[in-house]
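>>> could you work out the structure for the sequence below:
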Amino acid sequence: MIEDIEAYRPHTTVVFFGGNKTHWWTRLLKKGYYHCFIAMDIGCRKWVLIDPVMNYTDFIVVQNDNYFIKTVADKGYTYIITEPKFILNRKKWHIRPFTCVEVVKNFLGITKPFIFTPYQLYKHIKKESK
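Okay, the predicted model is just below:
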């Protein structure tokens, strides 16, 4: 899978799923799908990691091409390679909690309102990529 990244053009996005049970509500989530974050290819062999956590979002520029993807995958994270959909006219603005899923959905242009958990997001992206 990691080799497949070479075939994509800039703005390819890798969505990572995994994490640990760090909060009480994570016991309600599917095992192995406690958190999600993305890495977006911005060209010039650089990626931006966008990692939304409890009350802030980390933005990290990574310069070593695909090495970091392999490193994160080796730590037990599941990942999907996708491309964001650029939506010009968003319909309605909905009030949603600030979660990793909502941040990733916004970056990917996913407007489905009933995707709440990382596992639901994983299933949606996997279905859309077929």
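
>>> and the lowest-mean-pLDDT helix or strand in the chain, which residues are buried?
Of all the helices and strands that make up the chain, helix 67-74 has the lowest average by mean pLDDT, DSSP states H and E, namely a mean of 80. Within helix 67-74, the residues that qualify as buried by neighbour count (16 or more other C-beta atoms under 10 Å) are 68-69, 72-73. For glycine as for every other residue, the C-beta is placed from the backbone atoms N, C-alpha and C.

>>> scan the chain for its longest helix.
Of all the segments assigned as helix in the chain under DSSP state H, the longest by residue count is helix 118-128.

>>> what about the strands in the chain?
Taking DSSP state E as the criterion, the chain carries its strands at 13-18, 35-43, 46-53, 56-62, 78-82.

>>> those: which one's closest to residue 97?
Comparing the strands of the chain against residue 97 with C-beta to C-beta, the closest turns out to be strand 46-53 (11.3 Å).

>>> thinking again about what came up before, mind giving me the packing neighbours of the longest helix of the chain?
With contacts defined as 3 or more C-beta pairs under 8 Å, 6 or more residues apart in numbering; DSSP states H and E, the packing partners of helix 118-128 are strand 13-18, strand 35-43, strand 78-82, helix 100-108.

>>> between strand 78-82 and it, find me the angle.
40 degrees (axes from the mean of the first three to the mean of the last three C-alpha atoms, to 10 degrees).

>>> tell me what angle helix 118-128 forms with strand 35-43.
Between the axis of helix 118-128 and that of strand 35-43 there is an angle of 50 degrees, by the same axes, to 10 degrees.

>>> contacting residues for residue 20?
For residue 20, the residues meeting the contact criterion (C-beta atoms under 8 Å, 6 or more residues apart in numbering) are 26, 34-35.
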